[in-house]
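[1] one predicted model, sequence on top.
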Amino acid sequence: MEWVTTSTILERLRDFDDRSMWNRFCTRFRRPLISFARRYGLSEAEADDVAQETLLAFAQAYRSGKYDAAKGRLSSWLFGVAYKQIANARRRNLADRKRRDERGARTSFLAAVPDRREASVAWDAEWEQARMESCLRQVRRDVSENTYRAFELVVRKGRSPDQAAAELGMSRDAVYVAKHRVLKRLRELVADFESLLPET
């Protein structure tokens, strides 16, 4: 799939009828939301609901001009909404458990809302992982298989350029060029993943 910049996705998200951009928006940002919710004890279905509600809340606020990019990064805004959604889901779970088993509910993991500071650190880790995975998938589409494998061997697997060159049948210089090319493209994609929102 062709890479579309985050600012383009957000600009076109203003059009309620543009389903393709809504789908791209969800694809780009759903995974860290689901992983974050699962980390705090929600089921797959509950985590999916949290992700959907968070993305819908963002889209509604953005379309109505309520989101102010000057007040923080996109990831921070999504964290704030997701944190509230997770807390609400955990409270609902606790209430359900109390109805079923009063004694068990009092000691339940779900009895406490996650500490906001601790949750923020966990969210940042999920966001960073999702951002890197998304950008690496795109880089792999953008370059030849040998170019990507040279980068992977040297940067991600710690092989020397000489070892990578021998394994791939490339020259040492070609390995260096491949590594540089992939890192350059990766930096561009990472910078775009959470670009500033266009002004409304």
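    Sure, I can see it. Note that the coordinates shown come from a computational prediction; the quantities given were computed from them, not determined experimentally.
[2] mean confidence score for stretch 133-142?
    Over the span of stretch 133-142, the pLDDT mean works out to 93.
[3] what comes into contact with that stretch?
    The contact list for stretch 133-142 (CB atoms under 8 Å, 6 or more residues apart in numbering) reads 1, 3, 28, 31, 148, 151, 182, 185-186, 189-190, 193. C-beta here means a position set from N, CA and C on the backbone, and glycine is covered the same way.
[4] 10 Å instead?
    The set of residues that contact stretch 133-142 without belonging to it, under CB atoms under 10 Å, 6 or more residues apart in numbering, is 1-3, 27-29, 31-32, 147-149, 151-152, 156, 181-193.
[5] pull the CA atoms of it into CSV?
    Below are the C-alpha coordinates for stretch 133-142, written out as CSV (Å, rounded to 0.1, in the frame of the first residue of the first chain):
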residue,chain,number,x,y,z
GLU,A,133,6.9,-1.5,12.8
SER,A,134,4.7,0.6,10.5
CYS,A,135,7.7,2.5,9.2
LEU,A,136,9.8,-0.6,8.7
ARG,A,137,7.0,-2.3,6.8
GLN,A,138,6.8,0.7,4.5
VAL,A,139,10.6,0.9,4.0
ARG,A,140,10.6,-2.7,3.0
ARG,A,141,8.0,-1.9,0.2
ASP,A,142,10.1,1.1,-0.9
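[6] in it, what's buried?
    Of the residues in stretch 133-142, those buried under the neighbour-count criterion (16 or more other CB atoms under 10 Å) are 134-136, 138-140, 142.
[7] buried subset of the contacts of stretch 133-142 as a ChimeraX selection?
    What follows is the ChimeraX syntax selecting those of the contacts of stretch 133-142 that are buried according to 16+ other CB under 10 Å:
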select :3,28,29,31,32,147,148,149,151,152,181,182,185,186,188,189,190,192,193
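[8] which of the contacts of stretch 133-142 fall in helices?
    When those are checked against helices using DSSP state H, the ones located there are 27-29, 31-32, 147-149, 151, 181-193.
[9] let me know the distance separating the nearest residue to Arg131 once chain neighbours are set aside from Thr54.
    Counting by CB to CB, 6 or more residues apart in numbering, Arg131 lies nearest to Phe193, which is 4.7 Å off, once chain neighbours are set aside. Plainly put, Phe193 is 17 Å away from Thr54 if you go by CB to CB, to the nearest Å.
[10] and for Leu78?
    With distances defined as CB to CB, the gap from Leu78 to Thr54 amounts to 6 Å.
[11] more neighbours, the two?
    In this comparison of Leu78 against Thr54, neighbours counted by other CB atoms under 10 Å, the higher total goes to Thr54 at 26 against 22.
[12] pLDDT value on that one, please?
    Model confidence at Thr54, expressed as pLDDT, equals 92.
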